[in-house]
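> Sharing a sequence plus its predicted fold:
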Amino acid sequence: MPVASAHSPSTKARAKRVRSIRSLRRGDIVEARSGGTIYFHGEVQDTAPGLSTVWIRDESTGQRTAASMDDFTLWKL
């Protein structure tokens, strides 16, 4: 798992929590958070609503990572 980063106040203020993977589309910018910490931040590459999973191209590493709503809260920027 990548190194977590703290929230910046500007990111927190404009982010909207994702309640359903179905609301996300390729190209959306999202954050995967857990316990108040951002673990992934980047562009949605693909979604699997049946698995509650989204694949994110992380901006800091360039790696494509799967994030499950079972493990993270997702926030659309």
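Noted; the coordinates are in hand.
> right, and the helix or strand after the lengthiest strand in the chain?
When the chain is parsed with DSSP state E, its longest strand is strand 37-48. For strand 37-48, the succeeding helix or strand toward the C-terminus, using DSSP states H and E, is strand 53-58.
> which residue packs closest to D71, ignoring adjacent ones?
Distances taken as Cβ to Cβ, 6 or more residues apart in numbering place S34 nearest to D71, at 6.6 Å, with adjacent residues excluded. Every C-beta, even on glycine, is put in place using the N, C-alpha and C of the backbone.
> these two touch, right, the one you found and W75?
No - look at S34 against W75 with Cβ atoms under 8 Å: they stay out of range, at 11.4 Å.
> Which of the two has more residues huddled nearby?
The neighbour comparison of S34 against W75 (other Cβ atoms under 10 Å) goes to W75, with 20 against 14.
> Distance of the more buried one relative to R57?
16 Å (Cβ to Cβ, to the nearest Å).
> For the residue nearest to D71, give the beta-bridge partners.
T37 (DSSP bridges).
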